[in-house]
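K.L.:
Sequence first, then the predicted structure:
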There are 2 protein chains.
Amino acid sequence: MHNSQVSAETWSIAELAAEYDVTLRTIRFYEDRGLLTPERRGTARVYHPRDRVRLALILRGKRLGFSLDEIARIVDMYDAEPGEEGQLVYLLDQITHRRTELEQRRRDIEETLQDLAEVETRCHADLKALRDQSASS
Amino acid sequence: MHNSQVSAETWSIAELAAEYDVTLRTIRFYEDRGLLTPERRGTARVYHPRDRVRLALILRGKRLGFSLDEIARIVDMYDAEPGEEGQLVYLLDQITHRRTELEQRRRDIEETLQDLAEVETRCHADLKALRDQSASS
DNA sequence: TTCGTGCTTGACGCTTACGTAAACGTAAAG
DNA sequence: CTTTACGTTTACGTAAGCGTCAAGCACGAA
C-alpha cells in the first residue's frame, strides 16, 4: 500500500490535488503565499485535515472571485486566536465588510439569473417561430 | 453647455466613467476586447444607451468573478439575433451552463455567509469573555 | 544496482486586466 | 492667440495566478 496507517488523517499533495482537481503547482503556490502550511516529513509535504479545510475554503473564495490576498485574510479569520479586544473588533469589522460584498454578489446573481431566464424565453419563442414556419412550407 | 440637444440619449467616455466609477482606460480596454462599440463622432467616442447597458452588464459580470472573455460571451447572448436553429440551440445550451455556474456561486455565497456568522458569534463571545474578565478585576 | 514513481525546489514564461506616461488633436473660452 | 478641458493613440509596465520545464532526491520493486 501507498498509504500507511495514518491515511485517514493525512494526505499527500497528489491526493489533495486529485480530490480538489487542482495541480500540484497550484497547491505549492498557495503554500508560497502563506495560505497552506503542511507538515514536513523529510522533504515531503503532509497535509492534515486543517489544511484540507483551508484548501476547500480557498477554492470557494476563488469561485467567488476573491483575490488570494483577500482569501488569505478571510481564511485566517477562521483560525484566529481570541486575541485582544482590538483584534476582535477588527475582525468583526472585516466580517461586516465581507458580508456586504457577498450580499451585493448575491443580488448580482439573482439579476443575472433573471436576465438569463428572459433570454431563454426569447430563444424558445424564436425556435417555435422557426418550426411553425418550416411546418407550414 | 457641454451637452447639446442629445444629452438625454448619449454620453461621453468621461461621463460613463464617472457614472460607473471606472477609468477611461478601462472603458477603452473593453472596447479593444470588443465588449463596447461606441459611435465615433470625429475621433471622439459617443456612447448610446445600448453601450451604457452593456457596461453595466460587464461590471456586474466582473463582480461575479467572470473573465472578460466569459463576459463577452454572456453579454453577446443578450443582443443575439434570432438566427438559425443551430444558433438558438447553442444559446440555450450556454444559458443552462451559465445558470449552473451561477447556482454554484450562490451556494458558495450562502455557505460563506453562514461561516461568517459563526465566526461572528465566536467573536462576540470572546469579546464578552474579555470584558467580563476585566470587569471582575 | 537499476528502474520507475512520486516528490522536491528553482526559475522562466504566459495571460489577464488594466495603470501609467508620452505625445498629440480639437474646440470653446478668455 | 493661448489656455483649458477633454479627448485620442501607442506602448511599455505590472500584479496575480498559475503552466511548464529542468534537475535532482528518496524509496520500494525487480
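P.N.:
Cool, got the structure.

K.L.:
touching chain B at all, whichever strand or helix holds A:Ala125?
P.N.:
Using DSSP states H and E, A:Ala125 sits within helix A:85-135. Yes. With C-beta under 8 Å from any C-beta of the partner chain as the criterion, chain B is reached by helix A:85-135 at A:85, A:88-89, A:91-92, A:95, A:98-99, A:102-106, A:108-109, A:111-113, A:115-116, A:119-120, A:123-124, A:126-127, A:129-131. C-beta: built from backbone N, CA, C; applies to glycine.

K.L.:
Then stretch A:13-26?
P.N.:
No. Using C-beta under 8 Å from any C-beta, stretch A:13-26 stays clear of chain B, coming no nearer than 13.8 Å.

K.L.:
nearest spatial neighbour of the residue in chain A that chain B sits nearest to, skipping sequence neighbours?
P.N.:
Nearest to chain B in chain A, going by C-beta to the nearest C-beta, is A:Gly65, at a distance of 2.4 Å. Nearest non-adjacent residue to A:Gly65, counting by C-beta to C-beta, 6 or more residues apart in numbering or on different chains: B:Gly65, 2.4 Å away.

K.L.:
did I read that right, that neighbour in a helix?
P.N.:
No. Assigned with DSSP: H, G, I helix; E, B strand; the rest coil, B:Gly65 falls outside any helix and is coil.

K.L.:
Quick check, pLDDT for A:Ser4.
P.N.:
Per-residue confidence (pLDDT) for A:Ser4: 38.

K.L.:
now A:Arg63
P.N.:
pLDDT, A:Arg63: 88.

K.L.:
what number of residues lie near the residue in chain A that DNA strand D sits nearest to?
P.N.:
Going by C-beta to the nearest atom of the strand, DNA strand D is nearest to A:Leu68 of chain A, at 2.9 Å. Other residues within reach of A:Leu68, judged by other C-beta atoms under 10 Å in any protein chain shown, total 17.

K.L.:
Let's verify the residue nearest to the spatial centre of chain A: helix, strand, or coil?
P.N.:
The residue lying closest to the centre of chain A (C-alpha atoms, centre = their mean) is A:Arg60, at 1.2 Å. Here A:Arg60 is recorded as helix under three-state DSSP.
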